[in-house]
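*Asks:* Here you go, sequence then predicted model.
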There are 4 protein chains.
Amino acid sequence: MSQKLDPVVASRTLAEHGVIDAYGHASVRSDSNPQRYLMSRNVAPELVTEADILEYDLDSNAVDANGRAVYNERFIHGEIYKKRRDVLAIVHNHSHAVIPFACTGVALQPIFHMSAFIGMGVPGWDIRDAKKGTDLLVRDAYLGEHLARALGTHPAVLMRGHGSTVVGENIQRAVGRSIYLDINARMQMQAIALANGEHPIVFMDEAEVAANVAWQNYDRAWDLWKRRVMARLEDPEIGAR
Amino acid sequence: MSQKLDPVVASRTLAEHGVIDAYGHASVRSDSNPQRYLMSRNVAPELVTEADILEYDLDSNAVDANGRAVYNERFIHGEIYKKRRDVLAIVHNHSHAVIPFACTGVALQPIFHMSAFIGMGVPGWDIRDAKKGTDLLVRDAYLGEHLARALGTHPAVLMRGHGSTVVGENIQRAVGRSIYLDINARMQMQAIALANGEHPIVFMDEAEVAANVAWQNYDRAWDLWKRRVMARLEDPEIGAR
Amino acid sequence: MSQKLDPVVASRTLAEHGVIDAYGHASVRSDSNPQRYLMSRNVAPELVTEADILEYDLDSNAVDANGRAVYNERFIHGEIYKKRRDVLAIVHNHSHAVIPFACTGVALQPIFHMSAFIGMGVPGWDIRDAKKGTDLLVRDAYLGEHLARALGTHPAVLMRGHGSTVVGENIQRAVGRSIYLDINARMQMQAIALANGEHPIVFMDEAEVAANVAWQNYDRAWDLWKRRVMARLEDPEIGAR
Amino acid sequence: MSQKLDPVVASRTLAEHGVIDAYGHASVRSDSNPQRYLMSRNVAPELVTEADILEYDLDSNAVDANGRAVYNERFIHGEIYKKRRDVLAIVHNHSHAVIPFACTGVALQPIFHMSAFIGMGVPGWDIRDAKKGTDLLVRDAYLGEHLARALGTHPAVLMRGHGSTVVGENIQRAVGRSIYLDINARMQMQAIALANGEHPIVFMDEAEVAANVAWQNYDRAWDLWKRRVMARLEDPEIGAR
């Protein structure tokens, strides 16, 4: 099966879960050339098919666009792939529950075992520290590189006023982590309100995080998500569109 | 393609996003006559088809109603089109998250880059300041004009106990802003609770707002929304209704 | 069209809006005999068809059940119809957002013009004041009468630990009010949190409530809801079940 | 009808209600051999069919797996069935609203009559008290037995950072309680915020809990849920997958 299917399944799954709407994108590093990555042309994620997947070099030039428009923020992907050899998949999203954390500096912490990776640290990034007066979009390599530095060796970075970027050693991780980042953020906001400063909140500790992150690939979920996407792609009505 | 399709796509998209339910309406200024606007007859937005779209003069008389009922609150549209030459599209909605802001006077601020336009100012309006003892509906030109004055040069106005009215230089903006106004309101309520007076909340600054508003037309989203609506309109089961 | 369609449309509409799940019921007073009311046999509301609608006398005996099971809480309906000649339709529901109000005694107030009827007063009722140690269900005429007295001349009554009962001069009002009662409750909880005791919350005043309640029949919404239900009932797959 | 249908209906119903996503599982004690229980092989709950249901002994060995993978956390089920002869059905889930309670130690209390069973006590369990540095999964009999002891004679146990396990004398109870546990948790969080320490919150008292738990089998709901699942299972498109 073509590797191009991975960003298709990822994009549609993230849209179905409300983690991305018409915006946000998912990429994978090319299996055949680690200096390349695969990501859709500029189209809403829930519409992406294999025919939309383009190949980009790490400076985020699309090598086979043939005039098709590309995402403005593709530099997020290229600059992270440059710095992080371990990263094979990236999701940029605007999931709603992370924004309050990104804008207040309250630290996300792992309150749910499906979100254990948060315990590896989720730093914040404010584009204003790189450049003042932007529209908040990561429109060039300079901004992408600045973001990639803030990400460092972590699994995700929160972007003030914007959303987050999540990485993984495979596409399942990048997608699963994006979904459970948002869920953890909602749970943590509720726990903080419920605790009201009067009850301690017990988060996963370092050893628990390490034990969980070691294997958590969201495999059972990925099987389900892929099956759902394939069923839709094979629907003749969708095919005819 | 007929301009009448724009309020059809807008109405159905807003209903799909839960920004309007059986109430609320979307209009566009006529391309062929700027002293006219196009809006549906009195019907629930998710049912609107091109055949329901009527033409109104700026005093909000429907010129081709042929006895069909019109929305009571059409004056919102006519009075704003009179005052604001730059406005080519208007949405009036009851989206849920804005009501708490409209009733408390807490200022909406741009916490999310998709909602940058909020940084241009979203004033509040209380119908009681125009007339006491109303049912809160903008039922005549006097109330419409009063609301239009409160809107001023801003992109939206909150209506106490009622909802909001959102304007744009094109239909995409009026629709996209309506959707992201509600999302920003929810995010801001959560950020305020999370910050709990102990953390600062970083909103977009003036320069960032200006850089974003300059181009944000929600084009990629509009393409998706239009595609979804067209697929439904072309469904023979819907056509047969 | 048979009057039996009204509780069918009501039940299915309330289920679709999440105001009732497998529980809750809607009734109408019989047009032909005001000492009778029409309500479904004991079945989940989203499955109700005209064939399920039974006729009850005001002591809540089903006159045409032919052995079919009836709702335990039918006495809510019979006892209110006895006391309130103006009431032609009743909905009993468990909508989620009203429970926090019903259990804390915080007064619901009309924050949204679609929910203006709340300004006519929504009293609370605790079944414990009528009888201790119940399962919270209104299982007999004694409890029904006690609830009806708490309702008094109001449009709705909150039931502690249980939900609410909503009445109207027609089925549209009973259904529309049930939907907007829940929406108002959510908006008011958010406004209270947002205001945080530091901002006043402006509710509709008495004159505004009176002006709105005078005519608000949720007609446009009812047309939409009825259309949706009829489309499903006419679907041959559903008919075949 | 085969007893194997029960965990199928349970799994799909819980998935439809968002109480489980790709994770979580439902089991029933075997009617023919109380030393055995029936549960799916390792697959996402919303995909389970009768063909996926395996038989396990109480040490949680699948006796008819034929090489098919099983759930890591099956020990939750076996160890509880060992200790609790009255328990004939078990659900393990990650429903979102219970996590804030599980992590703060704030006691769940019965605020809604559909959730009366909470009044029988819902203790908390922290896996750290049994073993340090786990990934939070109940991967062996030792952890399962430790959890079963924390459950004691109660209807449910909250698992810190993880979710809950809910038991019943029949499958309806285990499923219904799982759904209404989550709903109660959300309502209680809202009531606490609304009351703000200034209003008392009235929960069900002991006598009310006892009166309700005596009969509450969620029968009407179960009929609806089963009907929905059967309709999907009989859909030829699903059958063909």
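*Replies:* Received the coordinates, thanks.
*Asks:* And the pLDDT at A:Ser2?
*Replies:* At A:Ser2, the model reports a pLDDT of 89.
*Asks:* Please identify the helix or strand for it.
*Replies:* For A:Ser2, there is no helix or strand it lies in under DSSP states H and E.
*Asks:* in stretch A:138-152, what's buried?
*Replies:* For stretch A:138-152, the neighbour count (16 or more other C-beta atoms under 10 Å in any protein chain shown) marks A:Val138, A:Asp140, A:Ala141, A:Leu143, A:Gly144, A:Glu145, A:His146, A:Leu147, A:Ala148, A:Ala150, A:Leu151 as buried. Where C-beta positions appear, they are placed from N, C-alpha and C, glycine not excepted.
*Asks:* My understanding was that the fourth one contacts A:Thr134; is that so?
*Replies:* Yes: with the criterion set as C-beta atoms under 8 Å, A:Leu143 and A:Thr134 qualify as a contacting pair; they are 7.5 Å apart.
*Asks:* now the strands for chain A?
*Replies:* For chain A, the strands defined by DSSP state E cover A:25-29, A:36-40, A:53-57, A:89-93, A:124-125, A:156-159, A:163-168.
*Asks:* Please identify the most buried of those.
*Replies:* Of all these, strand A:89-93 has the most neighbours on average by mean count of other C-beta atoms under 10 Å in any protein chain shown, namely a mean of 29.
*Asks:* helices or strands up against that one?
*Replies:* Strand A:89-93 is packed against helix A:5-16, strand A:25-29, helix A:75-83, strand A:163-168, helix A:171-195, with contacts defined by 3 or more C-beta pairs under 8 Å, 6 or more residues apart in numbering or on different chains; DSSP states H and E.
*Asks:* and that strand, how far from the chain's centre?
*Replies:* How far strand A:89-93 lies from its chain's middle: 3 Å, per C-alpha atoms, centre = their mean, to the nearest Å.
*Asks:* What are the contacting residues of that strand?
*Replies:* Here strand A:89-93 makes contact (C-beta atoms under 8 Å, 6 or more residues apart in numbering or on different chains) with A:6, A:10, A:14, A:19-20, A:24-29, A:37, A:73, A:76-77, A:80-81, A:163-171, A:173-175, A:177-178.
*Asks:* can you rerun that using 7 Å?
*Replies:* With contacts defined as C-beta atoms under 7 Å, 6 or more residues apart in numbering or on different chains, strand A:89-93 is touched by A:10, A:14, A:19-20, A:24-28, A:73, A:76-77, A:80, A:163-168, A:170-171, A:173-175, A:178.
*Asks:* Ok, stretch A:210-223 next?
*Replies:* Contacts to stretch A:210-223, defined as C-beta under 7 Å, 6+ apart, come from residues A:113, A:116-117, A:120, A:170, A:172-173, A:176, D:21-23, D:42, D:44, D:133-136.
*Asks:* And for stretch A:57-73?
*Replies:* By C-beta under 7 Å, 6+ apart, the list of residues contacting stretch A:57-73 from outside reads A:25, A:35-36, A:41-42, A:54-56, A:74-75, A:77-78, A:81-82, A:92, A:137-139, A:141.
*Asks:* pLDDT weak spots in chain A?
*Replies:* Counting by pLDDT under 70, chain A shows low-confidence ranges at A:1, A:236-241.
*Asks:* Quick check, central residue of it?
*Replies:* The residue lying closest to the centre of chain A (C-alpha atoms, centre = their mean) is A:Val91, at 2.3 Å.
*Asks:* Write out the residues of chain A neighbouring chain B.
*Replies:* Residues of chain A lying near chain B by C-beta under 7 Å from any C-beta of the partner chain: A:21-23, A:42, A:44, A:47, A:94, A:96, A:99-100, A:103-106, A:126, A:132-136, A:160-162, A:189, A:192-193.
*Asks:* For A:Ala185, which non-adjacent residue is spatially closest?
*Replies:* Spatial nearest neighbour of A:Ala185, excluding adjacent residues (C-beta to C-beta, 6 or more residues apart in numbering or on different chains): A:Ala97 at 3.7 Å.
*Asks:* Isn't the one you found up against A:Gln188?
*Replies:* No: using C-beta atoms under 7 Å, A:Ala97 makes no contact with A:Gln188, being 8.7 Å away.
*Asks:* Quick check: nearest residue in space to A:Arg227, chain neighbours excluded?
*Replies:* D:Leu47 (7.3 Å).
*Asks:* what about that neighbour, neighbour count?
*Replies:* 19 (other C-beta atoms under 10 Å in any protein chain shown).
*Asks:* buried stuff in stretch A:76-87?
*Replies:* A:Ile76, A:His77, A:Gly78, A:Glu79, A:Ile80, A:Tyr81, A:Lys82, A:Lys83, A:Arg84, A:Val87.
*Asks:* what are the C-alpha coordinates of that stretch, in PDB please?
*Replies:* Below are the C-alpha coordinates for stretch A:76-87, written out as PDB (Å, rounded to 0.1, in the frame of the first residue of the first chain):
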ATOM      1  CA  ILE A  76       6.400  23.900  10.200                       C
ATOM      2  CA  HIS A  77       6.900  20.400   8.800                       C
ATOM      3  CA  GLY A  78      10.200  20.900   6.900                       C
ATOM      4  CA  GLU A  79      12.000  22.700   9.700                       C
ATOM      5  CA  ILE A  80      11.100  20.100  12.200                       C
ATOM      6  CA  TYR A  81      12.100  17.200   9.900                       C
ATOM      7  CA  LYS A  82      15.400  18.900   9.500                       C
ATOM      8  CA  LYS A  83      16.100  19.100  13.300                       C
ATOM      9  CA  ARG A  84      14.500  15.900  14.500                       C
ATOM     10  CA  ARG A  85      15.800  12.700  12.800                       C
ATOM     11  CA  ASP A  86      13.500  10.600  15.100                       C
ATOM     12  CA  VAL A  87      10.400  12.300  13.800                       C
END
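*Asks:* which ones are touching A:Arg177?
*Replies:* Neighbour list for A:Arg177: A:Phe117, A:Pro155, A:Ala156, A:Val166, A:Gly168 [criterion: C-beta under 7 Å, 6+ apart].
*Asks:* give me that answer again for 8 Å
*Replies:* A:Val91, A:Ser115, A:Phe117, A:Pro155, A:Ala156, A:Val166, A:Gly168, A:Tyr218.
*Asks:* neighbours of the third one, just the number please.
*Replies:* Burial of A:Phe117, expressed as a neighbour count using other C-beta under 10 Å, amounts to 25.
*Asks:* Can you report how many residues lie near the closest residue in space to it that isn't next to it in sequence?
*Replies:* Distances taken as C-beta to C-beta, 6+ apart place A:Pro155 nearest to A:Phe117, at 4.6 Å, with adjacent residues excluded. For A:Pro155, the tally of surrounding residues (other C-beta under 10 Å) stands at 22.
*Asks:* for A:Gly67, same thing?
*Replies:* A:Gly67 has 6 nearby residues by other C-beta under 10 Å.
*Asks:* Up against chain D, what does chain A have?
*Replies:* Residues of chain A lying close to chain D by C-beta under 8 Å from any C-beta of the partner chain are A:110-114, A:116, A:183, A:186-187, A:190-191, A:193-196, A:199-205, A:207-208, A:210-212, A:214-216, A:218, A:220-221, A:223-225, A:227, A:231.
*Asks:* circling back: JSON lines please, covering the contacts of A:Arg177 and showing distance to B:Asp64.
*Replies:* Putting the contacts of A:Arg177 into JSON lines (distance: C-beta to C-beta, whole Å) gives the following:
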{"residue": "A:Val91", "distance to B:Asp64": "49"}
{"residue": "A:Ser115", "distance to B:Asp64": "56"}
{"residue": "A:Phe117", "distance to B:Asp64": "60"}
{"residue": "A:Pro155", "distance to B:Asp64": "59"}
{"residue": "A:Ala156", "distance to B:Asp64": "55"}
{"residue": "A:Val166", "distance to B:Asp64": "53"}
{"residue": "A:Gly168", "distance to B:Asp64": "57"}
{"residue": "A:Tyr218", "distance to B:Asp64": "56"}
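*Asks:* Just give me the closest of those to chain C.
*Replies:* Within the contacts of A:Arg177, the smallest distance to chain C is 25.0 Å, found for A:Ser115 (C-beta to the nearest C-beta).
*Asks:* Run through the residues that contact the closest one.
*Replies:* A:Arg177, A:Tyr180, A:Leu181, A:Ile183, A:Asn184.
*Asks:* Cool, thanks, signing off.
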